[in-house]
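>>> fold the following, please.
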Amino acid sequence: PGAPRLRLLAAEEELDRQVSGVMTTDLQDPGRYLHGGELVLTGMLWRSGPADSERFVRTLAAGGAVALAAGEAEVGPVPEDLVEACRRHRMPLLAVPDDIAFGTVTEFIGRQVSADRAADLAALVDRHRLLVSAAGGGGLDAVLDLLGGDLDLDCWVLTPTGAVIAGPAERLTAEDRDQLVRAHLAAQRQRRRPPHRARLAGGVYSLLPAPASAEHEAPLADWVLAVAGDITEWTTKRQQLAENLARLVAVERHRRDEGRRLRRRLADELLALLRRDADPAELGRTLYASSAMAARYEGPEPKSPAQEDSWLVLSAEGTGLPEGMVRAVLEEALGGTTDRALVAGAGTGAVVVLPAPAGPVPADVLRELLAPLEAGLGSEGRITLGVSAPAAEVGGLRGALEEARHARRIAAARVGRVCVAGPEELASHVLLLAAVPDEVRRAFRSRLLDKVIAYDIEHQADLVRTLEAFLRSDGSWTRCAGQLHVHVNTLRYRIGRIEELTGRDLSRLEDRVDFYLALELA
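Just a heads-up that it's a prediction; the model follows:
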């Protein structure tokens, strides 16, 4: 049978919308039952006046309905106020004559709406898998554009740090991407079965992992497919479409990983040369080979090492992570900022050599870049990084490597799952504290603070917080009392109690320094 003969009354310009299903309702507020994409059939029994039409259509538009079909069998012709409301909200309005049953409309739409269409597109994604494998990352954008245009399926491929590999980047804010990858990493860390869900201000998203290796998943380095909507509520065939797309993304991720093999060999060679303090000419040849490789993809002529303004060295270490993970993390994270980074290393550490970027302080950029990874690190997991000052020439790379390692020791002395320290911190006392053996740290801290902490526990006297505030105030009684919101006499009593418990004199610079260091070690 052909299509039911309905009359179009409003919003002809919106007739290219795709219908995903039919809902029949005469509720005044059907919003909670809308999932988006519905043709809504109504007998208009909810309407008692013009204001009801505005409220009803506004609810449909907010819920994502794509069209309204109003039956004339019960209440007669469609009222003009409903037509005007649909025009205001750009909602296509169709009149269903009294000789056409809603069941006829529903049956026709059901035949057109495509579980089969999703299956056809799933097959199309399969056919594109070889294209993506051969053609490079542009193939992913082509497939996502196809799915967005043909099925209104909005998808993005993201790195674990929130960079967009493919998909309409302008439709996800940086905050959105950060929330999505953090939700994915947290779910992977908790070993929840995908797809994972994330609820943002703009709606629900489904998250599917796309590992480079099915045998060895690496959530901190693998890509994630983000799909607008909750795919667990989709038909089986549409779910299969999303799963096939995730497999396609994994193929591209694996292809990208394979393409890094030569660069990895160059990086390992460079690190070996640095460790044996090789001649700068040897270092220069390796760096030029890396630059030439990047130029094949970026376009500009490769620079010789002498043409580079300067170089940075990063030293990184992982705790509670599988071997090779830190290297994979940095390859993926830095791949979006420069294709000329050489990432070397084995075991739990890594070393990076890259041209020094212009702009913000590199340590600050790295700290912000890697922050989302905190969600994927377990209770014992940590990544610490040190950043060198720029080396003006290749011969300075060996010294930059040592500087980066010292900076990393400063980062390791901090609290946090992802910690970064830059060269500006190498003149700090923190560098000295980082070199102190653990048993010496514990003994020093214990001798100065144990009695104070025990007194606090027994009497809730707040002595440790008072001591911290006193030192931050440079020993100013008035300023410290103001910060703590206590009377100066109360402050004097607390400081006196600390001196009695420890045998120290907080009017002496030497004792203040000791307390400050003990608190830093704590």
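>>> what kind of secondary structure is the closest residue to Pro30 other than its chain neighbours in?
Among residues not flanking Pro30 along the chain, Thr59 sits closest, at 6.6 Å (Cβ to Cβ, 6 or more residues apart in numbering). (C-beta placed from N, C-alpha, C; glycine too.) State at Thr59, reduced to three classes by DSSP: H, G, I helix; E, B strand; the rest coil: helix.
>>> how about the contacts made by Val83?
Residues counted as contacts of Val83 (Cβ atoms under 8 Å, 6 or more residues apart in numbering) are Leu9, Ala10, Leu93.
>>> want to throw those into a markdown table with neighbour count, secondary structure and distance to Gln240?
Below are those laid out as a markdown table (neighbours: other Cβ atoms under 10 Å; DSSP: H, G, I helix; E, B strand; the rest coil; distance: Cβ to Cβ, whole Å):
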| residue | neighbour count | secondary structure | distance to Gln240 |
| --- | --- | --- | --- |
| Leu9 | 19 | strand | 38 |
| Ala10 | 24 | strand | 37 |
| Leu93 | 25 | strand | 35 |
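>>> what sits against the residue nearest to Pro30?
Asp29, Pro30, Gly31.
>>> which one (most neighbours) among these?
Ranked by neighbour count (other Cβ atoms under 10 Å), those have Pro30 at the top, with 20 neighbours.
>>> so it touches Leu68, yeah?
No. The criterion here is Cβ atoms under 8 Å, and Pro30 misses it with Leu68 at 10.8 Å.
>>> helices of the stretch 401-522 of the chain, residue ranges please.
Assigned by DSSP state H, counting those that start in this stretch, the stretch 401-522 of the chain shows helices spanning 429-434, 438-459, 463-472, 477-484, 488-502, 509-521.
>>> just the helices from the stretch 51-200 of the chain, written as ranges.
80-88, 102-112, 115-135, 138-151, 174-189.
>>> meant to ask about the stretch 251-400 of the chain, not that
Under DSSP H, counting those that start in this stretch, the stretch 251-400 of the chain gives helices at 261-275, 280-298, 325-335, 362-370, 397-412.
>>> of those helices, flag the one that's most buried.
With neighbours taken as mean count of other Cβ atoms under 10 Å, these reach their highest mean count in helix 325-335, at a mean of 23.
>>> convert the C-alpha atoms of it to PDB, please.
Extracted C-alpha coordinates of helix 325-335, given in PDB (Å, rounded to 0.1, in the frame of the first residue of the first chain):
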ATOM      1  CA  MET A 325      52.900   2.100  29.000                       C
ATOM      2  CA  VAL A 326      54.600   5.500  29.700                       C
ATOM      3  CA  ARG A 327      56.200   5.400  26.300                       C
ATOM      4  CA  ALA A 328      52.800   4.600  24.600                       C
ATOM      5  CA  VAL A 329      51.100   7.400  26.600                       C
ATOM      6  CA  LEU A 330      53.600  10.000  25.600                       C
ATOM      7  CA  GLU A 331      53.600   8.900  21.900                       C
ATOM      8  CA  GLU A 332      49.800   9.400  21.800                       C
ATOM      9  CA  ALA A 333      49.700  12.500  23.900                       C
ATOM     10  CA  LEU A 334      52.500  14.400  22.100                       C
ATOM     11  CA  GLY A 335      51.400  13.100  18.600                       C
END
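>>> next one: that helix to chain centre, how far?
14 Å (Cα atoms, centre = their mean, to the nearest Å).
>>> what does stretch 87-100 give?
For stretch 87-100, the distance to the chain centre is 43 Å (Cα atoms, centre = their mean).
>>> any idea how far Ala67 is from the residue of the chain positioned farthest from its centre?
Most distant residue from the mean C-alpha position of the chain: Asp99, 54.7 Å away (Cα atoms, centre = their mean). Asp99 sits 21 Å away from Ala67, going by Cβ to Cβ, to the nearest Å.
>>> if we can go back for a sec, dump the contacts of Thr59 to JSON lines, plus pLDDT.
Listed next are those as JSON lines, based on pLDDT from 0 to 100:
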{"residue": "Asp29", "pLDDT": "87"}
{"residue": "Pro30", "pLDDT": "87"}
{"residue": "Gly31", "pLDDT": "85"}
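>>> quick one: which of those residues is nearest Gly496?
Taking Cβ to Cβ as the measure, Gly496 lies nearest Gly31 of the contacts of Thr59, at 65.6 Å.
>>> list the residues that contact the closest one.
Neighbours of Gly31 in contact, by Cβ under 8 Å, 6+ apart: Thr59, Leu60, Ala62, Gly63.
>>> Ala242 now?
Ala242 neighbours (Cβ under 8 Å, 6+ apart): Leu153, Pro195, Ser206, Leu208, Leu225, Val227, Ile231, Trp234.
>>> who wins for neighbours among those?
That'd be Leu225 among the contacts of Ala242, by other Cβ under 10 Å, with 29 neighbours.
>>> what about that one, which SS state?
strand.
>>> flag every buried residue along stretch 503-512.
Arg504, Leu506, Asp511, Arg512 (16 or more other Cβ atoms under 10 Å).
>>> leaving out chain neighbours, which residue sits closest to the first one?
With sequence-adjacent residues excluded and distances taken as Cβ to Cβ, 6+ apart, Arg504 is closest to Asp511, at 4.2 Å.
>>> ok, and the closest non-adjacent residue to Leu448?
Ala518 (4.1 Å).
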